[in-house]
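> pasted the sequence and its predicted model underneath.
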Amino acid sequence: MQTQKLSILEKIGFGAGDMAVNVVISSMMLIITFFYTDVFGLRPQDVALLMIVVRMIDAVTDPLMGMVTDRINTRWGRYRPYFLALAVPFGISVFLTFTTPDLDYNQKLVWAYATYILVTLVFTAVTIPYISLIGVLTADPKERLSANGYRLFFAKVAAFLVTIVVPVLAESWGNGNLAEGYRWAMGLMGLMACLLFLFCFFATTERIQHQVDRKPLGEQLRLLFSNDQWLVLCAVCVIGTIGYVVRGSVAAYYAKYYLGGDARMLSAFLATGVAAAILAMVASTWITKRWCKIALFRWSQLLVGALSVAMYFLVGPGDVAPAFVFYFLISFVVDLHAPVFWSAITEAVDYGHARDGKRVAGLAMGGISFCQKAGMGIAGAIVGWLLAWFQYVPDQPQSAFTLNGIALMLSVIPGLFHALMGGLMFLYRITDGYYNQIKQQIVSEGQAA
């Protein structure tokens, strides 16, 4: 394994891929629940079941796609061809998911299932190769961390567009029909994602060719489940994603009902969180050059828990200014860990390779992707069930009981998940120094072979 420097253009191209991916992730995390209940017209409990069913499908498709990427190599590389082949289907699936047909309730529910499953399948087929790509662009952990900084910066730009541009365009283009407005606004996002995947394909190069052993599924699973550091990251991914998605999904309800805002305040509130997350990407890169990246991961998430509790007790209904301040602070601190996490996955794969002498990359990435989407599904179900529990009624004035529930769902409940994630990271021990030893061991084994 050689150390390679990546050009600025290639880092931008790599980031463009995650910007495309996050058109879907951001819509799933930030607006899909609000869209299904307040625009599409589904009952919260039906949305909860939808999220769970789709995630059960992911339990099969994510690991399967990981195994496919392990087995197929082309003249363009192992991962990049999927960006070229699936760019257009990806954009179309986004458009269809946010299309509201003029049907009765049961038929609309079938449409929601069909289109959400479709976008999830295409998302899996392109995302598993994407999250695996960093491992073949460069072997330098600092370059990987830098590239992931670019990646997550562009991901947050996508989230910014979804949260601030989509609601405004939906209101403007809908001409009184919000469902039609969301259809075309998200259709524009789908077109943008298609073009970004094509740019990622042409701007990046797969330099590293890992030897992938043709191991049976059972052996791959045994190797993965014996990799304690990968298991820690799986647990962290599920728990952290639940916290992130619960907060993100409820933000629109919080702005509209708890703060009493209109569509523009909703857009501004969501955009505040995204802007804070973009700044966190820059800050994380700067901090990790001077401080242990794993320590940053641990303590930032514990701090999120404390800030979340403070927000619940200090911000009341209609307290717009302090709500924006706390939401900015929480969104900034929570995303300081993101570049560290996505770099750690590749390092955990290398850790297993060095320890066992056998590499399991595709299934490892597929497993992490499943954990992320499992967390999204569980969070979506939690949001649906809690909205029903707190007696939420779409597009109506809410009771004090409901408003208090919305406040808890934005602050204390997700904060507990982030604090737990920070605590779990004390079990993760692959520091930069330890990882350099792992790299040298892999190099030595490769030369001996």
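Sure thing, it's come through. What you see is a predicted model; the values in this text were computed from it and never measured.

> I figured residue 79 was touching residue 132, is that so?
Yes: contact criterion Cβ atoms under 8 Å: residue 79 and residue 132 qualify, at 5.3 Å. Just so you know, the C-beta spots here come from the backbone N, C-alpha and C atoms, and that holds for glycine as well.

> could you tell me which residues touch both of those two?
The contact sets of residue 79 and residue 132 overlap at residue 69 (Cβ atoms under 8 Å, 6 or more residues apart in numbering).

> and residue 95, which helix or strand is it part of?
For residue 95, the host element (DSSP states H and E) is helix 81-97.

> and residue 196, by the same measure?
Short version, using DSSP H and E: residue 196 is in helix 178-203.

> now find how far off-centre the helix or strand following that helix is within its chain.
As assigned by DSSP H and E, the chain's next helix or strand after helix 178-203 is helix 217-225. Helix 217-225 sits 25 Å away from the centroid of its parent chain (Cα atoms, centre = their mean, to the nearest Å).

> list the buried residues for the following helix or strand past helix 217-225?
For helix 217-225, the succeeding helix or strand toward the C-terminus, using DSSP H and E, is helix 228-253. For helix 228-253, burial by neighbour count (16 or more other Cβ atoms under 10 Å) applies to 229-230, 232-234, 236-253.

> just to revisit the earlier point, mind checking the pLDDT average for the helix holding residue 196?
For helix 178-203, mean pLDDT rounds to 94.

> counting by contacts, list what it packs against.
The contact analysis (3 or more Cβ pairs under 8 Å, 6 or more residues apart in numbering; DSSP states H and E) places helix 178-203 against helix 8-26, helix 81-97, helix 166-174.

> which positions in it come out as buried?
For helix 178-203, the neighbour count (16+ other Cβ under 10 Å) marks 178-194, 196-201, 203 as buried.

> now the next helix or strand after the helix holding residue 95, how far from the centre of its chain.
The first helix or strand that comes after helix 81-97 along the chain, using DSSP H and E, is helix 105-137. Distance of helix 105-137 from the chain centroid (Cα atoms, centre = their mean) equals 12 Å.

> same for helix 105-137, what does it pack against?
Judged by 3+ Cβ pairs under 8 Å, 6+ apart, helix 105-137 is in contact with helix 8-26, helix 44-71, helix 81-97, helix 141-160, helix 338-356, helix 362-389.

> I'd like those helices written out as a markdown table, with distance to residue 430, mean pLDDT and mean neighbour count added.
Shown next, in a markdown table, are the helices and strands packed on helix 105-137 (distance: least, Cβ to Cβ, whole Å; pLDDT from 0 to 100; neighbours: other Cβ atoms under 10 Å):
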| stretch | distance to residue 430 | mean pLDDT | mean neighbour count |
| --- | --- | --- | --- |
| helix 8-26 | 22 | 90 | 23 |
| helix 44-71 | 21 | 82 | 19 |
| helix 81-97 | 28 | 95 | 20 |
| helix 141-160 | 10 | 81 | 23 |
| helix 338-356 | 5 | 82 | 22 |
| helix 362-389 | 14 | 85 | 24 |
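
> nearest to residue 291, of those?
Distance to residue 291, taken as Cβ to Cβ, is lowest for helix 338-356 among the helices and strands packed on helix 105-137, at 10.9 Å.

> what angle do that closest one and helix 228-253 make?
For helix 338-356 against helix 228-253, the angle by axes from the mean of the first three to the mean of the last three Cα atoms, to 10 degrees is 160 degrees.

> which strands or helices does helix 338-356 pack on?
Packed next to helix 338-356, using 3+ Cβ pairs under 8 Å, 6+ apart, are helix 105-137, helix 141-160, helix 217-225, helix 228-253, helix 263-288, helix 293-314, helix 362-389, helix 432-448.

> packing partners for the second one?
Judged by 3+ Cβ pairs under 8 Å, 6+ apart, the packing partners of helix 141-160 are helix 8-26, helix 105-137, helix 263-288, helix 338-356, helix 432-448.

> make it 6 Å
helix 8-26, helix 263-288, helix 338-356 (3 or more Cβ pairs under 6 Å, 6 or more residues apart in numbering; DSSP states H and E).

> make a markdown table out of the ones you listed and add distance to residue 152.
Shown next, in a markdown table, are these (distance: least, Cβ to Cβ, whole Å):
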| stretch | distance to residue 152 |
| --- | --- |
| helix 8-26 | 7 |
| helix 263-288 | 5 |
| helix 338-356 | 5 |
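
> about what we covered before: so which of the helices and strands packed on helix 178-203 comes closest to residue 435?
helix 8-26 (20.4 Å).
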